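Fold the following.
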Amino acid sequence: MTLKLTYFQLGMLPTNVYLGVNEETGNGFLVDPAVYEPQVEDVMKEIGIKNLQYILLTHGHFDHILGVNGFLKNHPEAKVVIHREDEAFLTDPVLSHTFKHGLTQEPIKADIIVEDGDVLAFDDTEFKVVHTPGHTRGSVVYLLDDLMFSGDTLFQLSCGRTDFPESDPAAMGPSLQKLAALEGNYHVLPGHNAFSELDYERANNPFMR
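This next block holds a predicted model:
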């Protein structure tokens, strides 16, 4: 597979929104669409996405989901993926913090509900789902070959907040240790801020020790 990956910083916080395509087949994916942005559609055409296979959600907060329905209007074939414990965020503007920020949320329908250890086929490779509760109880990390889409679980030298009602503070440490215990190195592509490497985080992130 020849993967082309790009990203955008979208929304009020702002969020890292990732767009990938297998250049050999035109199958693509979108991770955590914070808002609908027409420029992303332009880039989809430029990089040759013919079939948007997945919209992958690392968790259910507003700054990771509010663009879903906009992209589905042009890509109805895309399957929306989220963990079981965060599915309710897709229809509850209080849970998702949409209401708190004065925004509007249309209900979103999940197509694929995942659990820890699930895999999602993507041409000749697959996304692996790692359940990482902490920031929310249904937070997940998606692994694709040597890429780690870490959402708001693992940041460069930090980790996601756990002081929300929907958080699970006791679970964040074990979730980070689960990531630290993975074999090999990964390019860490978080939901906000700078990229990193898993080996660097293992050695330097105080929350992983």
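
how about the strands in the protein?
Ranges of strands within the chain are 3-10, 15-22, 27-31, 51-56, 79-83, 112-114, 119-122, 125-131, 140-144, 147-151, 154-155, 158-159, 187-190, 196-197, based on DSSP state E.

Take these and write them to TSV, including mean neighbour count and mean pLDDT.
All C-beta atoms are positioned from the backbone trio N, CA, C, and that covers glycine. What follows is the strands of the chain, written out as TSV (neighbours: other C-beta atoms under 10 Å; pLDDT from 0 to 100):
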stretch	mean neighbour count	mean pLDDT
strand 3-10	16	98
strand 15-22	23	98
strand 27-31	24	98
strand 51-56	23	98
strand 79-83	23	98
strand 112-114	17	98
strand 119-122	15	98
strand 125-131	18	98
strand 140-144	25	98
strand 147-151	26	98
strand 154-155	26	98
strand 158-159	20	98
strand 187-190	21	98
strand 196-197	18	98
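
Let's have those strands in CSV, adding distance to F207.
Shown next, in CSV, are the strands of the chain (distance: least, C-beta to C-beta, whole Å):
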stretch, distance to F207
strand 3-10, 23
strand 15-22, 19
strand 27-31, 22
strand 51-56, 24
strand 79-83, 21
strand 112-114, 24
strand 119-122, 27
strand 125-131, 16
strand 140-144, 15
strand 147-151, 12
strand 154-155, 8
strand 158-159, 4
strand 187-190, 13
strand 196-197, 13
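
residues contacting L179?
Applying C-beta atoms under 8 Å, 6 or more residues apart in numbering, we find L179 in contact with 130, 132, 141, 148, 150, 153-154, 198, 208.
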